[in-house]
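Visitor: heads up, no residue letters with this:
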């Protein structure tokens, strides 16, 4: 196997002992793209045997390489490495297995439809959220240099750029993950971590246009609550949703609409943020409503933030961050004021909602609405280079 050591700025400082010492401290403390090494897979068999582009399904095919870096108490962050994709070797006593000390991100790389240039969508927000998730789990190293990790991920994308399918709806899904590798059965903050980033080529979330989803709000389970961890992307938030999702599916609904409190306040849908476009009963104004981040039980989604910022720039309707209740949504539907609703997230961008079951009654919602379509067209247009979005939204590789 061939190992390539990238040229680094460190060579400029080797003549100065004081600067060299400073640099060594820097290398121990921070993730640095200047220290990145790349070990390429020599065998092209996996690539040649990958599924046809039209047969790609989400999260089942992994590309050839992965990015890894380790943290320990003595050296802090190790030099990051891009190595061939492989299984991990980790102690069965690692605290990630016993106490759920794991967090992750979901992001994508795209080939522009205009010139096939590579780009990511607002990766700075993903890095900030990863740091927040690590901090919530009391993981050391959460103060990593976010821009440097983004640059390392960009290098991984470049190494596996042949795996990125070309065409609208196609992308390379990127999954940065941090787990506690500390082999210790006691309940304590970890003393060692493993950060790894794997990627997976994916096709359109909706194979034949938009597919509206039917929701049920009639679930006894609660996804998150004030003072919990619903505002970070940790593994423990997702495992408990498997059973409610299975129950919903068995009764004919695609996702669970998560509620909280005595008033049945709406929080999220499945693993997505949720939006309602309706006409306010008192003012008659059209408004786009989504739950706020103030209570700590809503994930600060990248797509959510992008939708809010885009909608505000249009200046065509009110943008309201508050907790809508299911009785309010039921009344708005009955009175003809509920115009449309949709979920928002990285995987699908937006998912139109056609029905919500509440207290045994199906509330029908028009789908797919004009705002849903407009948001889809705008965000995907920026992601695929068809539209020049706001500065910094498209990270070109």
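Guide: Right, received. Where do you want to start? Note that the coordinates shown come from a computational prediction; the quantities given were computed from them, not determined experimentally.

Visitor: Just after the helix or strand hosting residue 134, pick out the following helix or strand.
Guide: Assigned by DSSP states H and E, residue 134 belongs to helix 123-136. On the C-terminal side of helix 123-136, the nearest following helix or strand under DSSP H and E is helix 146-159.

Visitor: Going by neighbour count, list what's buried in that following helix.
Guide: Neighbour-count burial for helix 146-159 flags 146, 148-157, 159 (criterion: 16 or more other C-beta atoms under 10 Å). In this view, the C-beta of every residue, glycine as well, is placed from N, C-alpha and C.

Visitor: which ones are touching the residue lying closest to residue 84 once chain neighbours are set aside?
Guide: In space, residue 84 comes closest to residue 41 once its chain neighbours are excluded; the distance is 4.1 Å by C-beta to C-beta, 6 or more residues apart in numbering. By C-beta atoms under 8 Å, 6 or more residues apart in numbering, residue 41 lies in contact with 1, 64-65, 84-85.

Visitor: Looking at these, which two lie furthest apart in space?
Guide: Across the contacts of residue 41, the two members that end up farthest from each other (C-beta to C-beta) are 1 and 85, 13.0 Å apart.

Visitor: any idea how far the closest residue to residue 298 other than its chain neighbours lies from residue 379?
Guide: The shortest distance from residue 298 to any non-neighbouring residue, by C-beta to C-beta, 6+ apart, is to residue 291 (5.1 Å). Noted for residue 291: a distance of 20 Å to residue 379, by C-beta to C-beta, to the nearest Å.

Visitor: Residue 66 too?
Guide: For residue 66 relative to residue 379 (C-beta to C-beta), the value is 28 Å.

Visitor: All the strands of the stretch 201-350 of the chain, in order from the start?
Guide: If you assign secondary structure with DSSP state E, counting those that start in this stretch, the strands in the stretch 201-350 of the chain sit at 213-216, 255-260, 265-269, 273-279, 286-290, 318-321, 338-345, 349-358.

Visitor: Tell me which of these sits nearest to residue 117.
Guide: Distances from residue 117 to each of the strands of the stretch 201-350 of the chain were compared using C-beta to C-beta; the shortest belongs to strand 349-358, at 20.1 Å.

Visitor: Show me what the closest one is packed against.
Guide: Helices and strands touching strand 349-358, by 3 or more C-beta pairs under 8 Å, 6 or more residues apart in numbering; DSSP states H and E, are strand 213-216, helix 302-314, helix 326-334, strand 338-345, strand 361-364, helix 370-383.

Visitor: can you tell which of those is closest to residue 270?
Guide: Distance to residue 270, taken as C-beta to C-beta, is lowest for strand 338-345 among these, at 6.6 Å.

Visitor: returning to what we had before: who has more neighbours, residue 1 and residue 85?
Guide: Between residue 1 and residue 85, counted using other C-beta atoms under 10 Å, residue 85 has the larger neighbour count: 15 against 9.

Visitor: The closest residue to that one other than its chain neighbours and residue 307, how far apart?
Guide: Computed as C-beta to C-beta, 6+ apart, the closest residue to residue 85 that is not its neighbour in sequence is residue 66, at 4.9 Å. Distance from residue 66 to residue 307, counting by C-beta to C-beta: 31 Å.

Visitor: So the two - more neighbours on which side?
Guide: A count of neighbours by other C-beta under 10 Å puts residue 307 above the other of residue 66 and residue 307, at 24 against 21.

Visitor: check contacts around residue 380.
Guide: For residue 380, the residues meeting the contact criterion (C-beta under 8 Å, 6+ apart) are 168-169, 349, 386.

Visitor: mind checking how far stretch 109-123 is from the chain centre?
Guide: Computed by C-alpha atoms, centre = their mean, to the nearest Å, the chain-centroid distance of stretch 109-123 equals 17 Å.

Visitor: pLDDT on that stretch, on average?
Guide: Averaging pLDDT along stretch 109-123 yields 97.

Visitor: in that stretch, what's buried?
Guide: For stretch 109-123, burial by neighbour count (16+ other C-beta under 10 Å) applies to 109-113, 118-123.

Visitor: Spatially central, which residue of the chain would that be?
Guide: Residue closest to the mean C-alpha point of the chain, counted by C-alpha atoms, centre = their mean, is residue 106 at 2.8 Å.

Visitor: quick one: contacts for the nearest residue to it once chain neighbours are set aside?
Guide: Once flanking residues are discounted, residue 106 sits nearest to residue 346: 4.6 Å by C-beta to C-beta, 6+ apart. With C-beta under 8 Å, 6+ apart as the criterion, the residues that contact residue 346 are 106-108, 301-303.

Visitor: Quick check: beta-bridge partners of the residue nearest to residue 85?
Guide: Here residue 66 sits in beta bridges with residue 83, going by DSSP bridges.

Visitor: So residue 278 is in contact with residue 286, correct?
Guide: Yes: with contact taken as C-beta atoms under 8 Å, residue 278 and residue 286 are classed as touching, separated by 7.4 Å.

Visitor: Overlap of the contact sets of the two?
Guide: Both residue 278 and residue 286 are in contact with residue 339, where contact means C-beta under 8 Å, 6+ apart.

Visitor: Who has more neighbours out of these two?
Guide: Comparing residue 278 with residue 286 by other C-beta under 10 Å, the one with more neighbours is residue 278, at 24 against 15.

Visitor: what residues are up against that one?
Guide: With the criterion set at C-beta under 8 Å, 6+ apart, residue 278 makes contact with 286-287, 289, 329, 332, 337-339.

Visitor: who wins for neighbours among the residues you listed?
Guide: Sorting those by how many neighbours each has (other C-beta under 10 Å) puts residue 329 first, at 24 neighbours.

Visitor: Can you give me every residue that contacts that residue?
Guide: Residues in contact with residue 329 (C-beta under 8 Å, 6+ apart) are 266, 276, 278, 338, 341, 356, 358, 363.
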